[in-house]
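**Student:** What follows is a predicted protein model with its sequence.
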Amino acid sequence: MADTLTAGDFHMTPLRLKAQPIAEGIARAGTMEEIVWRDFRWNNGQIWRMWLVDPERFAPDDIESRSIDTVDISRKRQSMLQSKTLTSR
C-alpha cells in the first residue's frame, strides 16, 4: 500500500502571538506620575488593556492617555542589543 496524504494530515501551526505597546494611561498626583494601564496591539489585530493598578483607584477623568511611539521602542531595543554586544566582547 502506497503512502498517501490527505487534507486531514496537514495541520496549520497556530499563529505565534506578539504584542507591541501602543498607549498608556498616566495618573498624576503632584509631581509624581503613575502608569495605570497599558494598551497592546497584537499581531492578530486585537487590542488588549493591561491594568497595572486597581481600576477603581483612579477616576477616569484623572487618567491622561498618551501614545507610545513604537519607533522609540525599537531604537531602545537596538541600542540595548548593541551595548550588550559591545560589553560581551
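**Tutor:** Yep, it's here.
**Student:** these two touch, right, residue 25 and residue 35?
**Tutor:** Yes: using C-beta atoms under 8 Å, residue 25 is in contact with residue 35, at 7.1 Å. For glycine as for every other residue, the C-beta is placed from the backbone atoms N, C-alpha and C.
**Student:** ok, those two, which is more surrounded?
**Tutor:** Higher neighbour count among residue 25 and residue 35: residue 25, with 22 against 14, using other C-beta atoms under 10 Å.
**Student:** hang on, the more buried one in a helix?
**Tutor:** No: if the criterion is DSSP: H, G, I helix; E, B strand; the rest coil, then residue 25 is strand and not within a helix.
**Student:** what about the strands in the protein?
**Tutor:** With DSSP state E as the criterion, the chain has strands at 19-29, 32-42, 47-51, 63-67.
**Student:** Need those in JSON lines (columns: mean pLDDT and distance to residue 57).
**Tutor:** Shown next, in JSON lines, are those (pLDDT from 0 to 100; distance: least, C-beta to C-beta, whole Å):
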{"stretch": "strand 19-29", "mean pLDDT": "92", "distance to residue 57": "8"}
{"stretch": "strand 32-42", "mean pLDDT": "93", "distance to residue 57": "8"}
{"stretch": "strand 47-51", "mean pLDDT": "95", "distance to residue 57": "10"}
{"stretch": "strand 63-67", "mean pLDDT": "93", "distance to residue 57": "10"}
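**Student:** Residue 18: neighbour count?
**Tutor:** 10.
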